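# missing the sequence, but the structure's below:
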Ligand SMILES: [Zn+2]
């Protein structure tokens, strides 16, 4: 029963902290918004992994059943997946928007969205 109380307090704290994270994010608009967002997501991710690790320890020490672990970790894993896809979209969207697609070496126009190399000569488009 104790683990549920601990878990709910962690969830509650996370929920209470999130608006402050957004305020913090908006206060630093002069800084790169993308890198700021990325570091926020990174710290959220670390926190979730930490929660998951704690849960795993509880299971390993026999405080909770494996079925309970599966049930409790489901939400955390769901959040992790969401964070990972957000991080992935930041990583892939930022550099590709700067790429014009016109090769500096042979002037061939590569029309493949997000292409990093020239389709003609293989020269880097970054
Ligand atoms: Zn080229």
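Now that the structure is in, tell me what you want to look at. In this text the structure is predicted, and so the values were computed from the model without any measurement.
# From now on I want contacts and neighbour counts done on CA atoms only, so please keep to that.
Will do.
# pLDDT (mean, whole number) over the strand or helix carrying residue 58?
For residue 58, the element it lies in under DSSP states H and E is helix 33-60. The average pLDDT within helix 33-60 is 90.
# Show me how far it is from its chain's centre.
Helix 33-60 sits 9 Å away from the centroid of its parent chain (CA atoms, centre = their mean, to the nearest Å).
# Mind listing what's buried along the helix or strand just after that helix?
Sequence order places helix 66-96 as the next helix or strand after helix 33-60, per DSSP H and E. Neighbour-count burial for helix 66-96 flags 69, 72, 73, 76, 80, 83, 87, 96 (criterion: 16 or more other CA atoms under 10 Å).
# can you tell me the distance between the two ends of stretch 88-105?
The straight-line separation of the ends of stretch 88-105 (CA to CA, to the nearest Å) is 30 Å.
# One more: stretch 113-121?
17 Å.
# do stretch 60-68 as well
Stretch 60-68 has an end-to-end distance of 12 Å (criterion: CA to CA).
# And the contacts of that stretch?
3, 58, 59 (CA atoms under 8 Å, 6 or more residues apart in numbering).
# one more time with 7 Å, if that's ok
For stretch 60-68, contacts defined as CA atoms under 7 Å, 6 or more residues apart in numbering pick out 58, 59.
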